[in-house]
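Have a look at this prediction, sequence included:
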Amino acid sequence: METQAQQLFMTRLLVIGAAGLAALLAYLFTPFVGELAKRVGAVDRPSHRKIHERIIPRWGGVAIVVALLGAVCFAWWVASLLGVSLVSTPAAKRAFFGVLLGTFMVAVAGALDDIYDLSPALQIAGQGIAATAALFLGVRIEFISNPFAADGSVLFLGDLGAFITVFWIIGITKAVDLIDGMDGLAAGIAAIAAATIALMAVSAHQPQVALIAAALAGGAIGFLRHNFNPAKIFMGTVGAYVLGFVLATSSIIGVLKIPVLIAMVVPILALGVPIFDTSFAIVRRARERRPIFAADKGHLHHRLLNRGLSQRQTVLVLYGVTVVLCAVALAIFHYTVG
């Protein structure tokens with residue numbers, strides 16, 4: 001019992017330490033990434049549908065990637081020195097590295113888009129390849145809770161699970177990309193959602209999930225110091241893709257592995273703002289008979305701006321909505337699982 005308590009204590013310290021290290025790395029590395037972005041042409045220029053009025057470097061997401069992977073690898077190394085186990089089974093270990101491999105792959109796809117403005121088809125292809133790589137390493141939605149069963153049984157998805165997994169990963173990744181239209185918005189919302197997933201993972205004794213989610217939250221917070229209004233740098237597609245991909249995959253190997261009715265509800269609530277905003281955007285564009293990936297100014301943050309709110313006020317309002325949704329998700333999770 002004492003050994004288990006010590007293991008749990010050390011695991012929580014590693015998770016907290018990873019978040020802090022990721023925040024520090026992202027904060028320190030972001031200015032260097034900004035200069036690199038200017039040299040390679042990864043910059044965001046003003047246009048009729050954008051809010052900023054000057055050229056701003058992209059690629060801030062590269063700093064988040066470096067912070068995330070650096071903090072996770074360092075924590076893993078420290079855990080091995082201390083004899084702390086972060087994964088319980090070989091399958092869990094493969095899935096853990098599947099998330100990291102997919103994160104690197106989607107970051108490359110996003111970085112290329114920031115330079116070359118890839119077509120929507122190529123963007124989806126890049127996300128799909130990264131999602132498929134993670135899928136083959138065990139990042140998979142294997143079952144869903146049966147809402148019609150009184151005994152809490154589950155429905156195993158079989159081959160359909162692969163399709164649902166890839167669809168979920170691409171959907172969340174694209175959702176975060178779509179809300180990245182205002183200084184600090186995507187980074188702040190992702191940080192709140194990632195922290196929520198980390199707390200759930202700690203409670204569910206899933207240290208590998210808690211580690212990844214906490215490092216993502218820390219990296220986003222460290223970057224936010226440079227990205228909050230007025231932003232000195234944007235995260236770019238690379239940042240939005242990484243945030244969305246890690247949120248999607250960590251929820252799959254985390255809360256979605258728990259066979260309870262609310263398993264699907266919890267991540268949907270935690271990621272509520274990007275999911276709902278993207279859903280409304282798809283419906284809106286379909287009704288107007290426009291391509292669903294066509295950019296417009298009908299997102300939630302645009303509508304709040306049109307009502308007279310400033311950029312900072314709009315971002316803070318959406319932060320508040322995210323906090324409320326995540327608080328509800330945590331309450332449901334702890335009531336049902338805890």
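Received the coordinates, thanks.

switch to C-alpha atoms for all contacts and neighbour counts from now on
OK.

residues in contact with the closest residue to residue 312 other than its chain neighbours?
Nearest non-adjacent residue to residue 312, counting by C-alpha to C-alpha, 6 or more residues apart in numbering: residue 229, 6.5 Å away. The contact partners of residue 229, by C-alpha atoms under 8 Å, 6 or more residues apart in numbering, come to 183-184, 311-312.

Counting neighbours, which of those comes out on top?
residue 184 (28 neighbours; other C-alpha atoms under 10 Å).

picking up where we left off before, out of the contacts of residue 229, name the ones that lie in helices.
In helices, defined here by DSSP state H, the members of these are 311-312.

Of the contacts of residue 229, just say which sits nearest to residue 268.
residue 184 (21.4 Å; C-alpha to C-alpha).

ok, that closest one touching residue 222?
No - under the criterion of C-alpha atoms under 8 Å, residue 184 makes no contact with residue 222, lying 11.3 Å away.

so where does the closest residue to residue 244 other than its chain neighbours fall, helix or strand?
The shortest distance from residue 244 to any non-neighbouring residue, by C-alpha to C-alpha, 6+ apart, is to residue 173 (3.8 Å). For residue 173, the host element (DSSP states H and E) is helix 160-179.

which sections of the stretch 201-338 of the chain are below the confidence cut-off?
Low-confidence segments of the stretch 201-338 of the chain, defined by pLDDT under 70: 258-264, 293-296, 338.

and the residue nearest to residue 312, what are its phi and psi?
phi -60, psi 130 (degrees, to the nearest 10).

So it versus residue 38, what's the distance?
20 Å (C-alpha to C-alpha, to the nearest Å).

try residue 336
49 Å.

Which of those two has more residues huddled nearby?
Counted by other C-alpha under 10 Å, residue 336 and residue 38 do not tie: residue 38 has more neighbours, with 16 against 12.

Retrieve the pLDDT associated with the residue nearest to that one when sequence neighbours are not counted.
Using C-alpha to C-alpha, 6+ apart and skipping residues adjacent in sequence, the residue nearest residue 38 is residue 57, 5.9 Å away. For residue 57, the model assigns a pLDDT of 93.

Make sure residue 57 is actually in contact with residue 39.
No - contact criterion C-alpha under 8 Å: residue 57 and residue 39 do not qualify, at 9.5 Å.

more neighbours, the two?
More crowded of residue 57 and residue 39, by other C-alpha under 10 Å: residue 57, with 26 against 11.

which residues touch the more buried one?
Counted by C-alpha under 8 Å, 6+ apart, residue 57 has contacts 34-35, 37-38, 42-44, 232-234.
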